[in-house]
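K.L.:
Show me how the following folds:
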Amino acid sequence: MADAVPHPYSIEVSPLTKPEGHFQWAIRRSGKLIERSDRPHRSEARAFESAMEAVERAMKPGADGGRR
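P.N.:
Alright, predicted model coming up:
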């Protein structure tokens, strides 16, 4: 999965302790945290998919890479 992430971005998917069995994600650009998920995802694959959508939004021209 990590091969699909465009350079210089990276996605980290990690399990949550509460609710158990759910996952969260974090996006880094050149090693610096730019965004973190604000909701639990039911599977690792769904968390990764959500993170990829956030990377695509951050890559759009005029995007500041962060939330407003």
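K.L.:
Kindly provide the distance from the residue nearest the centre of the chain to residue 39.
P.N.:
The residue lying closest to the centre of the chain (C-alpha atoms, centre = their mean) is residue 51, at 3.0 Å. Using C-beta to C-beta, to the nearest Å, residue 51 is found at 12 Å from residue 39. C-betas here are computed from N, CA, C, even on glycine.
K.L.:
what's the burial count for the closest residue in space to residue 36 that isn't next to it in sequence?
P.N.:
Among residues not flanking residue 36 along the chain, residue 26 sits closest, at 4.7 Å (C-beta to C-beta, 6 or more residues apart in numbering). As a burial measure, residue 26 scores 16 neighbours (other C-beta atoms under 10 Å).
K.L.:
Then the one 5 residues further on?
P.N.:
Other residues lying near residue 31 total 7 when counted by other C-beta under 10 Å.
K.L.:
where's the nearest residue to it once chain neighbours are set aside, which helix or strand?
P.N.:
Spatial nearest neighbour of residue 31, excluding adjacent residues (C-beta to C-beta, 6+ apart): residue 10 at 7.8 Å. Assigned by DSSP states H and E, residue 10 falls within strand 9-15.
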